[in-house]
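Asker: following is a predicted model, sequence given first.
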Amino acid sequence: MNKRGQLLERPFIFIFIVIVSGFIFIFGFYLTKNLIKANNCAQLGLSVNDLKTEVEKYYDFDIGSNTQTTFKIPGKIKYTCFISKETYLDKSALDKIDKNFYNTVQNLNYNVVFWPMSYCSKSFFQIDKISFKDNPLCILNNGNIKLGLENKGNYVEISKS
């Protein structure tokens, strides 16, 4: 048999349970969202390492050796751009992606940039021994990017496939 004071205690216990359950749900959602983002950014890093490996492999092959290859890129990354500071950089091509993109890449010493740069903490990379006909060579991401690699002697030329 419950006393009068004990009956008033039950609603507070239920309110406490609901509040704690809400905090657990919110924390779980936040943690899951960040874990998925970290996984996508790790996938981005793995794709860049795979590209570096392919470039090194084709750099060691005979002149004219070529291949078509595909790399998985997270869906939140809209563009993969290859940029060279040694040749003329077409500002209009970068302005089509974002008005501030040209100013951003002018201050970078990297030749592979993923847009939007704010999605991952590391969205720009340096790959040696590569070149491309168009500067910048920006490829729209649809989950995978398809690239052509060809040994040109002193470098590996990257092209859209």
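Answerer: Structure's in. What do you need? Numbers count the residues shown, from 1 in each chain.
Asker: CA atoms of stretch 33-50 as PDB?
Answerer: Output for stretch 33-50, consisting of C-alpha atoms alone and laid out as PDB, is shown next (Å, rounded to 0.1, in the frame of the first residue of the first chain):
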ATOM      1  CA  LYS A  33      26.500  11.200 -37.500                       C
ATOM      2  CA  ASN A  34      30.100  12.000 -36.600                       C
ATOM      3  CA  LEU A  35      31.200   8.400 -37.000                       C
ATOM      4  CA  ILE A  36      29.700   8.300 -40.500                       C
ATOM      5  CA  LYS A  37      31.500  11.500 -41.400                       C
ATOM      6  CA  ALA A  38      34.800  10.200 -40.000                       C
ATOM      7  CA  ASN A  39      34.300   7.000 -42.100                       C
ATOM      8  CA  ASN A  40      33.700   9.100 -45.300                       C
ATOM      9  CA  CYS A  41      36.800  11.200 -44.700                       C
ATOM     10  CA  ALA A  42      38.900   8.000 -44.100                       C
ATOM     11  CA  GLN A  43      37.500   6.700 -47.400                       C
ATOM     12  CA  LEU A  44      38.700   9.900 -49.100                       C
ATOM     13  CA  GLY A  45      42.200   9.400 -47.700                       C
ATOM     14  CA  LEU A  46      42.200   5.800 -48.800                       C
ATOM     15  CA  SER A  47      41.200   6.800 -52.300                       C
ATOM     16  CA  VAL A  48      44.000   9.400 -52.500                       C
ATOM     17  CA  ASN A  49      46.500   6.700 -51.400                       C
ATOM     18  CA  ASP A  50      45.100   4.300 -54.100                       C
END
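Asker: quick one: that stretch to chain centroid distance?
Answerer: Here stretch 33-50 is found 7 Å from its chain centre; the criterion is C-alpha atoms, centre = their mean, to the nearest Å.
Asker: shaky segments in this protein?
Answerer: Applying pLDDT under 70 to the chain flags the ranges 1-8.
Asker: tell me where it has strands.
Answerer: Listed in chain order, the strands of the chain (DSSP state E) span 66-72, 79-82, 112-115, 124-125, 130-131, 137-140, 144-151, 156-160.
Asker: can I get those strands in a markdown table with distance to residue 98 and mean neighbour count?
Answerer: The C-beta positions use only the backbone N, C-alpha and C, and glycine is treated the same way. A markdown table is the format used below for the strands of the chain (distance: least, C-beta to C-beta, whole Å; neighbours: other C-beta atoms under 10 Å):
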| stretch | distance to residue 98 | mean neighbour count |
| --- | --- | --- |
| strand 66-72 | 22 | 14 |
| strand 79-82 | 9 | 21 |
| strand 112-115 | 7 | 21 |
| strand 124-125 | 14 | 18 |
| strand 130-131 | 23 | 19 |
| strand 137-140 | 11 | 18 |
| strand 144-151 | 18 | 17 |
| strand 156-160 | 20 | 20 |
